[in-house]
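Peer 1: Fold the stuff below for me.
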Amino acid sequence: MSFLELHDIRKAYTLNHQENVILKGINLNFERGEFISILGESGGGKSTLMNIIGGLDHHYDGDVLLDGQSLRSMNVRQMDRYRRETIGFIFQNFNLVSYLTVLDNVMLSLKMTKTSHAQQVQQAQDLLKRVGLEQQTHQYPNELSGGQKQRVAIARALASDPDIIIADEPTGALDSENTQEVMDILYSIAAEGKLVITVTHSQEVADYGTRIVHLDDGQIHDELVIGAPFDVVDKQPTRYRTLGFRQMFRMSMQHMRRMWLRYLLIIFGSSIGISSIVVMLGLGSGIQNYMNHQITSQVNPTAVQVSKKTGKVSTAARKKATSAAAYKAAVNQEQVTAAKNAEVTTANVKQLAAIKHVKSAKLGYYTSTQASYKKNNRDGQSPDG
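Peer 2: Model prediction:
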């Protein structure tokens, strides 16, 4: 029984109702101490296969066995333990935490162990010394070159002392000098008895392995054994724990200290935006209230103006007039008579006040435009109810 076994691994994606087959029945066995190079062109399924081995992808057909135990039989907690204790990932784009120093990046997985903080720091420093970065412990990722970032990623992957190291295109973004340094480090890791699986499209990088597996179009075309596996070295088991609240809070504070200016600008910009919204809402509400007040003051539906209906005034005097002065006097007298007939009395007001739902009735006053009526009836009245 091999340390790691892949049995008929198949993987397909469905896009726009069309099935795209990525892996077409992969069967492989791996042993501790091997340096496996999986060689193939982009899109051949190499990274997908590594995600399945690393426990990142559960949607596949077939089975993956670790020391005879199927990954499919593991529950969520056991899979977390598998990824934390057995697998160490090295990514092409490094995936370093930008607000943490080089030392803190390496200590990420160590914080989930039960070793003391001093031991964690010492172990992280030893790993950085091994990859040649003992002078960069307090620098941040954006202050490092591509080769240095990849070496930090290797040190971080080794921190939890995993049995399997998966390196997905570890030299894809590096020059030839840094590529040789990174591959020498990976070779030394395999020499310690760990299983190192490297994904690459470069034949030069693949030649570092003890076995080359050519994967293309989702199928294994051939395998080439270059050397024998290295001897397995016994190791002391590491005791792990979940990341506690104190560690998470401390990491959050580190992020705040590193990114305080960005957060300050975000808060400032957000406050301006919120203040602008409040001002605009207040302005709109004020304008709306003002318009409602103006409309209500002009046409108040709770106040009704009542006028008195009168009959026709006799125009006989106007018709009998024989001169302009007599005609004008007759017209003026008609208007005075009409105004007197339209006058609302106090009795009328009491009648209106007695109507159901009428709260009050008051007399309203107006001034006639006729000079003669002003003279003869300056206190002409009409009611407002």
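Peer 1: Return the distance of the residue lying farthest from the centre of the chain relative to Ala330.
Peer 2: Centroid-distance maximum for the chain: Thr322 at 95.3 Å, with CA atoms, centre = their mean. The spacing between Thr322 and Ala330, counted by CB to CB, to the nearest Å, is 11 Å. C-betas here are computed from N, CA, C, even on glycine.
Peer 1: Kindly report the same for His59.
Peer 2: 106 Å.
Peer 1: Between these two, point out the one with more neighbours.
Peer 2: Each of His59 and Ala330 has its neighbours counted (other CB atoms under 10 Å); Ala330 has more, 17 against 8.
Peer 1: least trustworthy helix or strand in this protein by mean pLDDT?
Peer 2: helix 371-376 (a mean of 41; mean pLDDT, DSSP states H and E).
Peer 1: In the helix or strand hosting Glu181, which residues are buried?
Peer 2: Here Glu181, judged by DSSP states H and E, is contained in helix 176-191. Of the residues in helix 176-191, those buried by neighbour count under the rule 16 or more other CB atoms under 10 Å are Asn178, Thr179, Gln180, Glu181, Val182, Met183, Ile185, Leu186, Tyr187, Ile189, Ala190.
Peer 1: Same check on stretch 6-26?
Peer 2: Leu6, Ile9, Lys11, Ile22, Leu23, Ile26.
Peer 1: How about stretch 214-230?
Peer 2: So, applying 16+ other CB under 10 Å, buried residues of stretch 214-230: His214, Leu215, Gly218, Ile220, Pro229, Phe230.
Peer 1: Endpoints of that stretch, how far apart?
Peer 2: Stretch 214-230 has an end-to-end distance of 21 Å (CA to CA, to the nearest Å).
Peer 1: Kindly report the domain assignment for this structure.
Peer 2: Residue ranges for the domains of the chain, per automatic domain parsing: 4-244, 259-301, 305-384.
Peer 1: show me what contacts the closest residue in space to Thr337 that isn't next to it in sequence?
Peer 2: Excluding the flanking residues, the one nearest Thr337 by CB to CB, 6 or more residues apart in numbering is Val313, at 5.0 Å. Val313 makes contact with Glu334, Thr337, Ala338, Asn341 under the criterion CB atoms under 8 Å, 6 or more residues apart in numbering.
Peer 1: The protein: strands as residue ranges?
Peer 2: Secondary structure of the chain by DSSP state E: the strands cover 4-15, 18-30, 35-39, 61-66, 69-70, 87-90, 164-168, 195-200, 211-216, 219-225, 362-365, 381-384.
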